[in-house]
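Structural data only, the sequence is not supplied:
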């Protein structure tokens, strides 16, 4: 099939457009935009054709030699399976819509064409990551994604906050990537002799066999410092940083300093999705019988979910609040992987990509409408001014909060149901997160779009380039989840995983599930969260003449403060690292000043050399008599030295 | 005696001899004085070419009553000496015009080169002596050539006096050797010494004395410490083209003699420690005083003199290890060194022609005047320092040190470590000079130059009778050779230099 053989072109189109824009068309705005948008549009159509024509259950994989040195060899290639196709579709669709949106958002910016070239490069990196055949290639594109995010978050580099944010994102990701790389090397060290006879090194399709081989033939332990568990967790560290899992989540909210389209792209389809996608790919390593990696992953996901949700409760910056919501949703996905259901995680990833992209683009629309105001206290009542944005935002809010039959409802409840099967504690965490989610999402919605306008600008609806992507994204936000629902018999889940075993399908099963705790509790939490938000922010209920939210703020001041200040994680890092830095700075300063500079540079190198040179120079006194005398002394020295 | 064989083997030397005669005649009739230099260049180049393409050296042939040996080593060294001498002659062509009776420079130059060429194939202590004196006496004339300058005369006297002492030392050694072996021929001396040793008739003090005298006499030619003191003074006072000759041709000839004498004739357990000691001393003196030279704003020629002392030290490390591999890499390194040094000195010659100065600080900001030449000079300096910027210098140095390191000599690693430390120290003055030229503001001398040039142009006089400045051409040629060798020829050159050592005749 020609489309299959050319699948690598999907990733290549944006690279070509990025290079063309960088080197040739950066002077022309329409040309650059056209190139970038059409590249990703062609990619989307190509992925769609692939999706319609690809029905194999096994992966289609092509490898080329990249590096070869003795027994060591690395391959580059492309791998097409249903998982990859799902990601390709999601990435190209979101990227396409974001790029259309960018046209309006960045219209007044000087870096318009530069932004497009970065966007193309970013899309290329992500698509390359998706079609990677092996872990090394994925690591390569993984780093490219990191670099692109650095470029894009710091797009307005002249703003100190943006410069700090991109640095923070990059450094935090380095921490994760270090783990990833160590994990890779450990894995390679134990499976070195497996990758012979033409098996592509670290290829995903052979990971399972390789890890079994390492356990049986090379004595790889199941638990311990160097074990299947530690390898899985080290690679998971990379995913932790990219997918913003606690405690490496700190970069994600700061990444809001970038232009809003890039926030949408990072948060929906590209960077943060890479971590979950990686987990889905390395699932064979983590899920080996006896490995303790999965529970750790599940708990990290669960903690991230509820932890980020509590922070999102009190944020006033609309983008920051959404950022923590992303963080929390990513926690769900990682939790799903940890529960042993990577396909459900991918399902949530895809539905989340749709509504989160829409929410972010909607927030960008609001920000544009309010003349670059991001503080929700300066908004309110925007529904009157920006109806399309408000409706789509409401759809997104309902979807993420879990209104039945919306996309987010199906994917999230599947995760919660899975948690119910595996671990009650995680189930309660996931359910309370759902409650918090409903509350904070409606808090955002009500504060922004309901009530009276509190700001001083003149809000207005945005042009078509902004509203059309919102409306397009609204459709999958509502209905995409149905394909993964029991009502239609889980076609999407079956597409990804033909072995997926469903407990039942159809309306009857659905209603039966709803009558179970794992069905009605999330629904209940949605209702409670939404109504509390409604009472507090729309009805403005008072207790003792005080607004409920103000009262809560006063009564639980320490909780409120903790949440507003993101539970002081940044400060904790600063304190701990600062302590180390102070200690090392002091010792190294001493070492540098006294030992290196004092003794070596100024002592030996400068004074010492000078002294030796000056002494030796004395022999060079210009008198030929002394020269000859020195020659004879030399001869005499030789004779005497060897005679004695 | 088979004159056919002699004329065949010594054809390059005959060409040079012919060129000596022609240049003497030319100097009488050539009014513009520029053709003598070109004839000398051409003759030397031809000699190098003839030596290179002739089949001699395939087998070991002794001619002139075993006074001259034709083997792979002598062929290699003669090609090298004549080729480099051709470059030097080219560089000198315009430079020596400012002296009185410039045309006679080249007959002397050619004679000196002839002496060096003979030393490449020396096989008899008398040939050795005559070759050294041909080289040395001619070199003294070359040093004294700018005879109106006091410093030139001073250098010549110093060189004459110290060379006389060195010759005396050498003659003493030769006479002692003749005394115990009743021969001056290398092969006979070698076999007699072995005979005497086998019956324990050779006393230890005598061995030590002869070793010390030979090492001293040859170290003088190599400008190795503590027999180096003449070097900075002579290099500084001599015309720069003569300095270049001394620092390259003399040195190659010295190593030719050293390899022959120590490698095949006179070899005992005291020799290697002595060579090691002078190697270490040379590295220390060359590098440390080089630093002083540059921070006390000395002369670039003196700086390069110290650099050449240090380079002798590195080469002596390889010689002290005295294995086939290490001596092979010594040949490789001295080849690259000769090209690098020629390049560097050609740049200095050009600079001197332009500004009349050779002070370190007058080089500041040269890049703003002559960017191409500055870059060439920097490349030469980087290579001398052993940086892989055009990797020839680095690769040669790497081979030199790695073969010495693994030579099996018990203290070879220490020698190599000292040489490495010396290289690091040397970085300072090489890079400082490069930094001065590239980064700093132009010096007063260079700024002045501009006005002089403007005046010259407005007056409509051409400063230079050449379509292309020969010193500049030399610099370009040598750096071109360096680049081509680095890219294509390091393997080849290494192979050739190793073969030259493997087929050495006794």
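Perfect, thanks for sending it. For clarity, every value in this text was computed on a predicted model and none was experimentally measured.

Please count neighbours and contacts with C-alpha atoms only from this point.
Noted.

In three-state terms, label the residue in the stretch 51-200 of chain B that chain A sits nearest to for me.
Closest approach between the stretch 51-200 of chain B and chain A, counting by C-alpha to the nearest C-alpha: residue B:158, at 5.8 Å. Of the three states, residue B:158 takes helix under DSSP: H, G, I helix; E, B strand; the rest coil.

residues touching it, list them.
Residue B:158 makes contacts with A:624, B:230, B:233-234, as judged by C-alpha atoms under 8 Å, 6 or more residues apart in numbering or on different chains.

what's the answer for residue A:609, then?
B:288, B:291.

Model confidence score at it, please.
pLDDT for residue A:609: 80.

any idea which element it lies in?
Per DSSP states H and E, residue A:609 falls inside helix A:609-618.

What helices and strands are in contact with the helix or strand following that helix?
Later in the chain than helix A:609-618, the nearest helix or strand by DSSP H and E is helix A:624-643. If you count contacts as 3 or more C-alpha pairs under 8 Å, 6 or more residues apart in numbering or on different chains; DSSP states H and E, helix A:624-643 packs onto helix B:150-181, helix B:204-222.

Please convert the ones you listed to TSV, extending it with distance to residue A:492 and mean pLDDT.
Below are the helices and strands packed on helix A:624-643 laid out as TSV (distance: least, C-alpha to C-alpha, whole Å; pLDDT from 0 to 100):
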stretch	distance to residue A:492	mean pLDDT
helix B:150-181	94	91
helix B:204-222	84	90
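
Point out the most buried one among these.
Neighbour counts (mean count of other C-alpha atoms under 10 Å in any protein chain shown) averaged over each of the helices and strands packed on helix A:624-643 peak at helix B:204-222, with a mean of 23.

Does chain A have contacts with the following helix or strand past it?
Following helix B:204-222 in sequence order, the next helix or strand is helix B:230-237 (DSSP H and E). Yes - on the criterion C-alpha under 8 Å from any C-alpha of the partner chain, helix B:230-237 is in touch with chain A at B:230, B:233.

Centre of the chain to helix B:230-237, how far?
14 Å (C-alpha atoms, centre = their mean, to the nearest Å).

ok, residues contacting it?
Contacts of helix B:230-237 (C-alpha under 8 Å, 6+ apart): A:622, A:624, A:627, B:143, B:151-156, B:158-159, B:162, B:223, B:242-243, B:246, B:299, B:301-302, B:305-306.

Could you rerun that using 6 Å?
B:151-152, B:155, B:243, B:301-302, B:305 (C-alpha atoms under 6 Å, 6 or more residues apart in numbering or on different chains).

Show me what secondary structure element comes after it.
helix B:240-245.

Sort out which residues of that following helix are buried, please.
For helix B:240-245, the neighbour count (16 or more other C-alpha atoms under 10 Å in any protein chain shown) marks B:240-245 as buried.

Name the nearest of those residues relative to chain A.
Of those, the one sitting nearest to chain A (C-alpha to the nearest C-alpha) turns out to be residue B:243, at 17.4 Å.

Setting aside sequence neighbours, what's the nearest residue to the closest one?
Excluding the flanking residues, the one nearest residue B:243 by C-alpha to C-alpha, 6 or more residues apart in numbering or on different chains is residue B:235, at 5.0 Å.

Give me the neighbour count for that neighbour.
29 (other C-alpha atoms under 10 Å in any protein chain shown).

okay, and for chain B, where does confidence drop off?
B:1, B:30-33, B:55-58, B:450-467, B:503-506 (pLDDT under 70).

need the residues of it near chain A, please.
B:158, B:209, B:212, B:227, B:229, B:288-289, B:292 (C-alpha under 6 Å from any C-alpha of the partner chain).

Closest one to residue B:323 out of those, please.
residue B:212 (20.6 Å; C-alpha to C-alpha).

Tell me how far the closest one lies from residue B:119.
21 Å (C-alpha to C-alpha, to the nearest Å).

And the contacts of stretch A:482-501?
A:82-83, A:410, A:505-507.

Now with 7 Å, please.
With C-alpha atoms under 7 Å, 6 or more residues apart in numbering or on different chains as the contact definition, stretch A:482-501 has outside contacts at A:82-83, A:343, A:407, A:410, A:505-507, A:510.

Check the residues you listed for burial and list the buried ones.
Neighbour counting by 16+ other C-alpha under 10 Å classes A:82-83, A:343, A:407, A:410 among the contacts of stretch A:482-501 as buried.

Redo the residues you listed as TSV? Include secondary structure.
What follows is the buried ones among the contacts of stretch A:482-501, written out as TSV (three-state DSSP):
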residue	secondary structure
A:82	helix
A:83	helix
A:343	helix
A:407	helix
A:410	helix
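
Switch the buried residues of helix B:240-245 over to CSV; also include distance to residue A:598.
Putting the buried residues of helix B:240-245 into CSV (distance: C-alpha to C-alpha, whole Å) gives the following:
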residue, distance to residue A:598
B:240, 40
B:241, 43
B:242, 43
B:243, 39
B:244, 40
B:245, 43
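
So which of those residues is the closest to residue A:73?
residue B:244 (51.6 Å).

from memory residue A:176 sits against residue A:241, does it?
Yes - between residue A:176 and residue A:241 there is a contact under C-alpha atoms under 7 Å: 4.9 Å.

All the strands of the stretch 451-600 of chain A, residue numbers only.
Ranges of strands in the stretch 451-600 of chain A, per DSSP state E, counting those that start in this stretch, are A:542-543, A:546-547.

Just name the most buried of those.
strand A:546-547 (a mean of 14).

May I have the residues that are in contact with residue B:44?
Contact analysis of residue B:44 by C-alpha under 7 Å, 6+ apart lists B:16, B:82-83, B:85-86.

Give me the phi and psi for residue A:235.
When read as degrees, to the nearest 10, the backbone of residue A:235 gives phi -70, psi -40.

count of residues packed around residue B:418?
Neighbour number of residue B:418 under other C-alpha under 10 Å is 18.

what does the stretch 201-350 of chain A put close to chain B?
Residues of the stretch 201-350 of chain A found near chain B (C-alpha under 7 Å from any C-alpha of the partner chain): none.

This completes my enquiry, with thanks.
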